[in-house]
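The following comprises the amino acid sequence and a computationally predicted model.
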Amino acid sequence: MAKLEVKNLSMSYDGKNKILEDLSLSIQDGELVSILGPSGCGKTTTLRIIAGLLKQTDGEIIVGEKNISNLPVHKREFGMVFQSYALFPHLSVFNNVAFGLKMRKLDKKQIQEKVENVLSVTGLSDLAKRFPAELSGGQQQRVSLARALVINPQVLLLDEPLSNLDAKLRVEMREEIRRLQQELKMTAIFVTHDQEECFAISDKVAVMNRGRVEQFDTPQAIYQEPKTLFVAKFIGFENFIKVVGYDGEAYLTESNIKLAAQAKENTRYLTIRPRQIKIIETANDSENVVKGRIINRTYLGNSYRYTVKTSLGVLKVDDFEHDVLSRDEDVILELAVKNLLPLEN
Amino acid sequence: MRKRSAILLLLPAFVGVLIFTFYPLIQIIIPTLNQSSDYGKLYLEFLKSSYNQTVIFRTLAIALFTTLVVLVLGLPLAIWIARQDEKVRKLLSVIILFPMLTNAVIRNFAWIIILGKNGVFNDLLLKLHLISAPITILYTNAAIVIGSAYLFLPIMVTSLVGSITELNIETEEAAAVLGAGAMTNLFKVIIPQLTTGILTGCILVFAGTMTAYTTPQLLGGNRHLVMATLIYQQAMTLGDWTNASVVAIILIILSVVIMFAINKLMKKLDRRKVNA
């Protein structure tokens, strides 16, 4: 268990196409950090470089005080959980878990003790003699986790460990992973493309896009204040208003409308969640009010989703309060200053 | 209904196997049956002869050695081929089969040229000063092993490449992360997962070598008979069809027993990956 530092990591197979570009991350002792991003963004590559399964083109990896950038994979003392679980099919659950300890040449008694201990922590004691093919997906995942934990790794690496499980089990397992990680005070990196999953278990989240970290922050900060267009889109914002300038008080949109929002450099877009746009009765003289016409309506259960055509473009609005409005009705929308977020490109 | 049509569809194959496999077998047994009423004695007498014992032992030893050589050479080659891109892998899998496309006689003549007293191999050893005078390789058991290994390597490699490409490469990565170096990984993770492929390859090579005729005939000469060449000698040179039948039946029984044993072993090892 230690602090993990990734400095200026670059990765390229052919020298031209960069898979990772100048990527840096700093993970504190005992922290669980998620790397979140769409497929192909380089998140798995990052994890594999940290594990030592891939060699970086450039950059450093530091664990505790030790630079391990050039250490071969089998000397890095990490634990890793794979998407396919990667259990050894020819070994029993017990021997799967004992594998790492045998590599460390522990004596039989110690191995027995440690394996039994971790099997009981992960709820696998009854399955010790089974073979992987005789286990359910969830049980295999537990074995995979136990096998990684038993060696008491410096850092626990999890590569989309839940993506092969069904929805209910996924929630159960992620809570289990979080519980174990906190109990053992383990530094961990969790790679996923599922934002709900990563928000639920992480101390911090690194959102990746095209080989770069777009934002590295707490889940709350990322959810409430995405910094870039990509992050906002990825975590579910749907309204994006392009801006072309800032006059000291308000942003000027493409359609020449002024919108007041928090001032920030390099702002290219403003965004607001559909449920934070208010439908108001009369246009008062407050700021950020725009007229529009409903062009579509969808029932979402606890609200109605209106698609409203306005001079700012088409906006999605979720309304919980009003009676149901119908298509072609004219409405007045208020985009409250505090809810309108500036985004970089 | 369905079952009946399945039986009907299987009938031609069944009859084919019956005629082409079992009829010749019966034909082989007939000479020993005609010869004497006490045919058990024929076998006992044959097995008592120390010359025949040597031939049987040589046959088994050559088959075993060839299998081991082919396995040791074939495994690294198969791993290397299996780990190439799909395109390269397919190309290599075809290239590896090339020895099997040439005629057995021609193939063995090539080995005669290579292994002879003035052959390429002796030349090379002399030039490297590893030996001072040419050594005899041709017409020894070693020559038979070399020729058989060359013939059966493609079969072993093909059998192994299939198994290796089916391995989950993440198991090796998992082992590496857990501290296994390349060699540990090979012996503790890769090979144990390949038991089925290895044993299948071994059965094919062993049975093939044990029953091969051309290679031991051409590379072993008349002084290093194996059972297959002994059968030929008995039947064609000495005209003793009864004895030839006896050898043939012993050869068949030996092959079947060994294959059953390996099969049994395979099933035992396979139990560990039910439904895998």
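Okay, I see it.

Regarding the closest residue to residue A:106 other than its chain neighbours, what are the backbone dihedral angles?
Nearest residue to residue A:106 in three dimensions, chain neighbours excluded: residue A:114, at 7.4 Å (CB to CB, 6 or more residues apart in numbering or on different chains). (Each C-beta comes from the backbone N, C-alpha and C, glycine too.) Per-residue torsions, residue A:114: phi -70, psi -40 (degrees, to the nearest 10).

Run a quick neighbour tally on residue A:114.
19 (other CB atoms under 10 Å in any protein chain shown).

And the strands in the stretch 1-150 of chain A?
For the stretch 1-150 of chain A, the strands defined by DSSP state E, counting those that start in this stretch occupy A:4-12, A:18-27, A:32-36, A:58-63, A:66-67, A:79-81.

among those strands, which is nearest residue B:7?
The minimum distance between residue B:7 and these falls on strand A:79-81, with 50.0 Å, by CB to CB.

In terms of secondary structure, what does the closest one contact?
helix A:137-149, strand A:155-159, helix B:169-177 (3 or more CB pairs under 8 Å, 6 or more residues apart in numbering or on different chains; DSSP states H and E).

Tell me how far whichever residue of the stretch 1-150 of chain B sits closest to chain A lies from residue B:123.
Nearest residue of the stretch 1-150 of chain B to chain A, counting by CB to the nearest CB: residue B:85, 13.3 Å away. Using CB to CB, to the nearest Å, one obtains 38 Å as the distance from residue B:85 to residue B:123.

higher neighbour count, the two?
The neighbour count for residue B:85 versus residue B:123, taken as other CB under 10 Å, is higher for residue B:123 (12 against 8).

which SS state does the more buried one fall under?
Applying DSSP: H, G, I helix; E, B strand; the rest coil to residue B:123 yields a three-state assignment of helix.

I'd say residue A:137 and residue A:170 touch.
No. Look at residue A:137 against residue A:170 with CB atoms under 8 Å: they stay out of range, at 10.2 Å.

These two - which one has more neighbours?
residue A:170 (19 against 13).

so of the strands of the stretch 1-150 of chain A, which one's packed in deepest?
strand A:79-81 (a mean of 28; mean count of other CB atoms under 10 Å in any protein chain shown).

roughly how far is that strand from the heart of the chain?
18 Å (CA atoms, centre = their mean, to the nearest Å).

For the residue nearest to residue A:106, list the residues it contacts.
A:101, A:106, A:150 (CB atoms under 8 Å, 6 or more residues apart in numbering or on different chains).

So the first one versus residue A:180, what's the distance?
Spelled out, that is residue A:101. With CB to CB as the criterion, residue A:101 and residue A:180 are 18 Å apart.

Look at the residue positioned nearest the centre of chain B and give its secondary structure.
The residue lying closest to the centre of chain B (CA atoms, centre = their mean) is residue B:205, at 2.0 Å. Of the three states, residue B:205 takes helix according to three-state DSSP.

Which residue, neighbours along the chain excluded, lies closest to residue B:247?
Residue B:247's closest residue in space is residue B:231 (CB to CB, 6+ apart), at 4.9 Å.

That neighbour contacts residue B:244, doesn't it?
Yes. Using CB under 8 Å, residue B:231 is in contact with residue B:244, at 5.0 Å.

For the closest residue to residue B:181 other than its chain neighbours, give me the pLDDT.
Setting aside the residues directly before and after it, residue B:181 is nearest to residue A:74 in space (CB to CB, 6+ apart), at 5.3 Å. Predicted confidence (pLDDT) for residue A:74: 93.

rewinding a little: ok, residue A:101 and residue A:180, which is more surrounded?
residue A:101 (24 against 18).

quick one: buried residues of the helix or strand harbouring residue B:258?
Remark: residue B:258 resides in helix B:241-270, with elements defined by DSSP states H and E. For helix B:241-270, a neighbour-count test (16 or more other CB atoms under 10 Å in any protein chain shown) marks B:241-251, B:254-255, B:258, B:262, B:266 as buried.

With stretch B:96-109 instead?
The neighbour-count criterion (16+ other CB under 10 Å) identifies B:96, B:99, B:104, B:107, B:108 as the buried residues of stretch B:96-109.

taking these one by one, which sit in helices?
With helices taken from DSSP state H, the overlap with the buried residues of stretch B:96-109 comprises B:104, B:107, B:108.

sorry, back to before: which helices and strands sit right next to the helix holding residue B:258?
Counting by 3+ CB pairs under 8 Å, 6+ apart, helix B:241-270 packs on helix B:23-35, helix B:39-48, helix B:50-82, helix B:195-211, helix B:227-232.

From the structure, what's the count of residues near the nearest residue to residue B:178 once chain neighbours are set aside?
Ranked by CB to CB, 6+ apart and with sequence neighbours excluded, the top spatial neighbour of residue B:178 is residue A:100, at 3.7 Å. When neighbours are counted by other CB under 10 Å, residue A:100 registers 27.

My read is that residue A:100 contacts residue B:184, right?
No. Between residue A:100 and residue B:184 there is no contact under CB under 8 Å: 11.6 Å.

Report the separation between the residue most central in space within chain A and residue A:46.
Centroid-nearest residue in chain A: residue A:36, 3.0 Å away (criterion: CA atoms, centre = their mean). Going from residue A:36 to residue A:46 by CB to CB gives 12 Å.

Give the intersection of the neighbour lists for the two.
residue A:208.

follow-up on the earlier one: make TSV from the strands of the stretch 1-150 of chain A and add mean pLDDT to it.
Output for those, formatted as TSV (pLDDT from 0 to 100):
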stretch	mean pLDDT
strand A:4-12	93
strand A:18-27	92
strand A:32-36	96
strand A:58-63	94
strand A:66-67	94
strand A:79-81	96
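
Now tabulate these in a markdown table and tack on distance to residue B:220.
Shown next, in a markdown table, are the strands of the stretch 1-150 of chain A (distance: least, CB to CB, whole Å):
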| stretch | distance to residue B:220 |
| --- | --- |
| strand A:4-12 | 57 |
| strand A:18-27 | 58 |
| strand A:32-36 | 64 |
| strand A:58-63 | 60 |
| strand A:66-67 | 61 |
| strand A:79-81 | 53 |
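
So which bits of the worst-scoring helix or strand of chain B on mean pLDDT are buried?
In chain B, no helix or strand scores lower on mean pLDDT, DSSP states H and E than helix B:23-35, which sits at a mean of 77. Going by neighbour count (16+ other CB under 10 Å), the buried part of helix B:23-35 is B:28, B:31, B:32.

Which of the residues you listed sits closest to residue B:177?
For those, the minimum distance to residue B:177 (CB to CB) is 57.3 Å, reached by residue B:28.

That closest one touches residue B:249, doesn't it?
Yes. Using CB under 8 Å, residue B:28 makes contact with residue B:249 at a distance of 6.6 Å.

so what's residue B:188 up against?
A:99, B:175, B:180.

On the three-state scheme, residue A:207 is what?
Once three-state DSSP is applied, residue A:207 turns out strand.

What separation do you get for it and residue A:213?
Applying CB to CB to residue A:207 and residue A:213 gives a distance of 7 Å.

Of the two, which one has the most company?
For the pair residue A:207 and residue A:213, the greater number of neighbours falls to residue A:207 (28 against 23), based on other CB under 10 Å.

hmm, back to that, what distance do you get for the residue of the stretch 1-150 of chain B closest to chain A to residue B:165?
12 Å.

can you check residue B:246 too?
Residue B:246 is 44 Å from residue B:165, by CB to CB.

right, and the helices and strands packed on strand A:79-81 - which one's nearest residue B:157?
Across these, closest to residue B:157 is helix B:169-177 (CB to CB), at 19.1 Å.

relative to strand A:155-159, how tilted is the closest one?
Here helix B:169-177 runs at an angle of 170 degrees relative to strand A:155-159 (axes from the mean of the first three to the mean of the last three CA atoms, to 10 degrees).
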